[in-house]
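*Asks:* sequence plus predicted model, see below.
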Amino acid sequence: MTALAKLRGFREFGPDEMALRNHVFSRWRAVACGYGFSEYDGPPLEPLALYAEKSGDEIAGQLYEFVDRGDRRVALRPEMTPTLARMLGSRGRAMAKPIRWFSIPQLFRYERNQRGRLREHFQLNADIVGEAAVAADAEVLAVAVDAVRALGLGPADFTARVNDRRLVVAVLGALGVPSAAVGGCLEALDKAERTGPAASRQRLEALGLSSAQAEDLLGLAAAGAGSLDDLKRRFADAPEVLATAAPLEEHACLLEAMGLGAYAEFDFTVVRGLAYYTGIVFELFDRAGELRAICGGGRYDGLLGRLGGDPLPAVGFGMGDVVLGELLRERGLAPDGPPSFDFFVIWLEEAQRPLALEACRRLRKAGGSAVCALRPRSMRKHLAMAARSGARRAVVIGPDEAAAGAATVRDLETGEQERVALESLLPGGVARSPAGLANAGTGPESAHGEGDR
RNA sequence: GUGGGCGUAGCUCAGUCGGUUAGAGCGCCGGAUUGUGGUUCCGGAGGUCGCCGGUUCGAAUCCGGUCGUCCACCCCA
């Protein structure tokens, strides 16, 4: 629109959106911390070269890059892994393994926006570095699943599709696919669901597969195509396939033991676009299949070394806040709105104003939240305003109350009210009331102010 | 980056065949003789019809461009 308009693909967070964002972040943090992960962060602006090599052309083509005033080629970070790799490169050697780190970076990609895809988003990243065992893969997926579950979504709402790139490669080998065509086949598999069988088949044959081979492969990729056991029976005479299926079996077994069996399923078409994954990969989707991926991740054992750090094995995921937020709103799981506050303090005449201001001060000092009327108004107006402001209770200090050294406290939900002495309303009285301070907060965040009085 | 749908008040939209000062509902602000709320009634603010240009006596309306937005591709969170 005008030169002053918000840039496309960027977001503004009014109180409602901010409430949702804070809600999501706080649950993400709680889950990651619950698994013993430590939070870290890095610079949002990085040298372009950090992304030039590694991520491959896919992300490089979407970099939000420019030249700064010092003629440096820089980019807003499109992902967190290179930053993580650098941070570990300089201090990871000295750290006890495995390293469990998480972050909630704001990331930027210069792409055309669409539902669930903007130029800016927040992403929960959790990685385990320095452990090659499948247990680390399973644990990382468990963090991802729990991060979504903690927001109120269950097995009917979302699922994790799991696969292993090594298995796909082995299957292609068993089918006699020439090794030159393997990369192309991975891409075709990744897109099979969207492009449809006819187009996929064409694509595979263009890669040099026979029509029988293409047929076989698409059969494995067909929707709801069967379990890992089916695949093993099918390739019972191919030791490579059986061997590469073992990690996935252990993975499934571990998730089952963690009580998350209902959330994970084998899916031969999940190979992930990014070229750096080396083993087990996974994606989280809404069950209805209406939205884009909520989360994607997997094992990337070669990457840290290639980025110049120690060649440590690593596994991790990224979970965006945009698609997840859409899903939460759709399911009515977003918070109602900005948090409400405890007291709206009303005074009727100028003479009571100092009493009201003093009452507010003491209520806040006691850990409550209070708003004082800014102007004289009619009682009717004051109460209407208090009700719409989001306050839980109104405190009235008019001439009658002032003369009696009292205040009227009205519950704005029930309409019940009582007159209390000014002193007992103030810190002591609030603390005594069971419905008062103990529940004064609105969530985990509100715990901050309460301790330091 | 490629192709397509859509841009009228803060929001949802109406606006006839091109015709004078562009409308409604919700929301917002104020009031209904100053101590009890989200109801009702009255009043008010708020729009260069996304922007620029063209056609026309005359454009919210037709045409072109542009920007924004949404969808598909691409890619991915």
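*Replies:* That came through, no problem.
*Asks:* residue in the stretch 51-200 of chain A nearest to RNA strand B?
*Replies:* residue A:115 (2.5 Å; CB to the nearest atom of the strand). (Glycine included, C-beta is placed from N, CA and C.)
*Asks:* how about that residue, phi and psi?
*Replies:* When quoted as degrees, to the nearest 10, the phi and psi of residue A:115 stand at phi -60, psi 130.
*Asks:* same check on residue A:82?
*Replies:* When quoted as degrees, to the nearest 10, the phi and psi of residue A:82 stand at phi -60, psi -40.
*Asks:* quick one: pLDDT of it?
*Replies:* At residue A:82, the pLDDT value in this model is 89.
*Asks:* distance of the residue lying closest to it once chain neighbours are set aside relative to RNA strand B?
*Replies:* Leaving aside its chain neighbours, residue A:82 sits nearest to residue A:50 (4.8 Å; criterion: CB to CB, 6 or more residues apart in numbering). Distance, residue A:50 to RNA strand B, using CB to the nearest atom of the strand, to the nearest Å: 17 Å.
*Asks:* could you give the number of residues near residue A:50?
*Replies:* By other CB atoms under 10 Å, the residues close to residue A:50 number 19.
*Asks:* buried ones in the helix or strand containing it, by neighbour count?
*Replies:* Using DSSP states H and E, residue A:50 maps to helix A:49-52. Across helix A:49-52, burial judged by 16 or more other CB atoms under 10 Å covers A:50-51.
*Asks:* then stretch A:229-246?
*Replies:* For stretch A:229-246, burial by neighbour count (16+ other CB under 10 Å) applies to A:231, A:234-235, A:238, A:241-242, A:244-245.
*Asks:* and it, how far out from the chain's middle?
*Replies:* 35 Å (CA atoms, centre = their mean, to the nearest Å).
*Asks:* stretch A:190-205 now?
*Replies:* 31 Å.
*Asks:* quick one: end-to-end distance for it.
*Replies:* 16 Å (CA to CA, to the nearest Å).
*Asks:* is there proximity between that stretch and RNA strand B?
*Replies:* Yes. Applying CB under 7 Å from any atom of the strand, one finds stretch A:190-205 touching RNA strand B at A:190-191, A:194-195.
*Asks:* ok, and for that stretch, which residues are buried?
*Replies:* In stretch A:190-205, counting by 16+ other CB under 10 Å, buried: A:190-192, A:200-201, A:203-204.
*Asks:* ok, stretch A:405-420 next?
*Replies:* Across stretch A:405-420, burial judged by 16+ other CB under 10 Å covers A:406-410, A:412, A:420.
*Asks:* distance to residue A:170 and secondary structure added to the buried residues of stretch A:229-246, as JSON lines?
*Replies:* Shown next, in JSON lines, are the buried residues of stretch A:229-246 (distance: CB to CB, whole Å; DSSP: H, G, I helix; E, B strand; the rest coil):
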{"residue": "A:231", "distance to residue A:170": "10", "secondary structure": "helix"}
{"residue": "A:234", "distance to residue A:170": "12", "secondary structure": "helix"}
{"residue": "A:235", "distance to residue A:170": "8", "secondary structure": "coil"}
{"residue": "A:238", "distance to residue A:170": "7", "secondary structure": "coil"}
{"residue": "A:241", "distance to residue A:170": "5", "secondary structure": "helix"}
{"residue": "A:242", "distance to residue A:170": "9", "secondary structure": "helix"}
{"residue": "A:244", "distance to residue A:170": "4", "secondary structure": "helix"}
{"residue": "A:245", "distance to residue A:170": "8", "secondary structure": "helix"}
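*Asks:* closest to RNA strand B among the residues you listed?
*Replies:* The closest of the buried residues of stretch A:229-246, once distances to RNA strand B are taken by CB to the nearest atom of the strand, is residue A:244, at 22.3 Å.
*Asks:* isn't the closest one right up against residue A:166?
*Replies:* Yes. Contact criterion CB atoms under 8 Å: residue A:244 and residue A:166 qualify, at 4.5 Å.
*Asks:* show me where the stretch 1-150 of chain A has its strands.
*Replies:* With DSSP state E, counting those that start in this stretch applied, the stretch 1-150 of chain A shows strands at A:38-39, A:45-47, A:64-67, A:73-76, A:99-103, A:106-108, A:120-129, listed in chain order.
*Asks:* mean pLDDT and distance to RNA strand B added to those strands, as CSV?
*Replies:* Shown next, in CSV, are these (pLDDT from 0 to 100; distance: least, CB to the nearest atom of the strand, whole Å):
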stretch, mean pLDDT, distance to RNA strand B
strand A:38-39, 97, 18
strand A:45-47, 92, 17
strand A:64-67, 85, 11
strand A:73-76, 90, 12
strand A:99-103, 97, 13
strand A:106-108, 93, 7
strand A:120-129, 95, 3
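*Asks:* format those strands as CSV; extra columns: mean neighbour count.
*Replies:* Converted to CSV, the strands of the stretch 1-150 of chain A look like this (neighbours: other CB atoms under 10 Å):
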stretch, mean neighbour count
strand A:38-39, 12
strand A:45-47, 15
strand A:64-67, 14
strand A:73-76, 18
strand A:99-103, 21
strand A:106-108, 19
strand A:120-129, 23
